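>>> Sequence first, predicted model second:
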2 protein chains.
Amino acid sequence: MERTYSISDLAREFDVTPRTIRHYEDEGLLSPARSRQQRIYTARDRTRLALVLRGKRLGFSLAEAREIIDLYSAPQGEVGQLHTLLEKLDEKRAILEDKRRDLESALNNMDRYAERCRQRLTELQAMEKAAAE
Amino acid sequence: MERTYSISDLAREFDVTPRTIRHYEDEGLLSPARSRQQRIYTARDRTRLALVLRGKRLGFSLAEAREIIDLYSAPQGEVGQLHTLLEKLDEKRAILEDKRRDLESALNNMDRYAERCRQRLTELQAMEKAAAE
DNA sequence: ACTTACGTTTACGTTAACGTAAACTTAAGA
DNA sequence: TCTTAAGTTTACGTTAACGTAAACGTAAGT
């Protein structure tokens, strides 16, 4: 038997409210099974939720996150389907690469700035020490 | 004389509307000079706008972007100020690192998946070729 | 059987980040 | 000087992504 999760199990684990998880279902991002009304989440559902939340952290809207995540469950039966899938993957990959570039330059900027601050700090401390003598 | 920009200059360059730029000013992210009512943006203002938009692309809210960007114009006169500045920089840096980790795993997932798709594609094509004989 | 905890649907409320429209001012070119 | 193209303020509208509350169902322990 595969392990399953209740809505509050996942809410706790990922630090969101059940309302949020239901909202993602309304938006077509999740589609858990039901046991007499109650939602039952499988490991696959859990993974999809994790992907949605990671997407959000990276600045994607729910719709954009959906577009990406749905690629991972796209049909691959025919050669044509595989071709268009690979094209779409490339397209999304380019977006991620753009974000990576943004992120790298943000980190570089910040590191260089912090370095200048540290230099200025040692200078200031040297001056204060000199003044104290 | 330093070069300056009108609001529509910047709007064109960064592909946003003037309304957006004014909104960022309302939120305290920009504070351009004025020449008799009209806003005049310096190179520094332009840079700040670029930082705001990069922040947005990386999933920050305007308030979060502001917190980060303001660090770059924080006072550095005293030793204490430099210390707290360096602490805050470290804090923000950690957030960027988290995003980087998210981004790397997103890219890794996608690359591995695309690789499997390519393998499956060559398999399928081999089958079709065999069936055609 | 009864409470308590968790789950469900429905529906209206809220916040951030602008869009849009109106009414007006200013600067620039013919 | 007249028009036209930008720019300005003010204010209401919109959309995404949930929050919140009500009213109700269900399952588990005592």
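Received the coordinates, thanks. Numbering: from 1, shown residues only, chains lettered A, B, ... in the order given.
>>> So which elements touch the longest helix anywhere in chain A?
Ordering each helix of chain A by length in residues (DSSP state H) puts helix A:79-131 first. For helix A:79-131, the packing partners by 3 or more CB pairs under 8 Å, 6 or more residues apart in numbering or on different chains; DSSP states H and E come out as helix A:62-71, helix B:43-57, helix B:79-131. In this view, the C-beta of every residue, glycine as well, is placed from N, C-alpha and C.
>>> how far off helix A:43-57 does the first one point, in degrees?
Using axes from the mean of the first three to the mean of the last three CA atoms, to 10 degrees, the direction of helix A:62-71 lies 140 degrees away from that of helix A:43-57.
>>> roughly how far is the worst-scoring helix or strand of chain A on mean pLDDT from the heart of the chain?
The helix or strand with the lowest mean pLDDT-type score in chain A, counting by mean pLDDT, DSSP states H and E, is strand A:33-35 (a mean of 92). Centre-to-centre, strand A:33-35 and its host chain are 27 Å apart (CA atoms, centre = their mean, to the nearest Å).
>>> returning to what we had before: for the helices and strands packed on helix A:79-131, give me JSON lines that also has distance to DNA strand C.
Shown next, in JSON lines, are the helices and strands packed on helix A:79-131 (distance: least, CB to the nearest atom of the strand, whole Å):
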{"stretch": "helix A:62-71", "distance to DNA strand C": "14"}
{"stretch": "helix B:43-57", "distance to DNA strand C": "6"}
{"stretch": "helix B:79-131", "distance to DNA strand C": "15"}
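>>> what sits against the residue nearest in space to the middle of chain A?
In chain A, the centroid-proximal residue (CA atoms, centre = their mean) is A:Arg54; its distance is 1.5 Å. Neighbour list for A:Arg54: B:Asp102, B:Ser105, B:Ala106 [criterion: CB atoms under 8 Å, 6 or more residues apart in numbering or on different chains].
>>> residue contacts, the second one?
For B:Ser105, the contact set (CB under 8 Å, 6+ apart) comprises A:Arg54.
>>> gap between it and A:Arg100?
Here B:Ser105 is placed at a distance of 12 Å from A:Arg100 (CB to CB, to the nearest Å).
>>> which SS state does the closest residue to chain B within chain A fall under?
Nearest residue of chain A to chain B: A:Gly59, at 2.9 Å (CB to the nearest CB). Following DSSP: H, G, I helix; E, B strand; the rest coil, we place A:Gly59 in the coil state.
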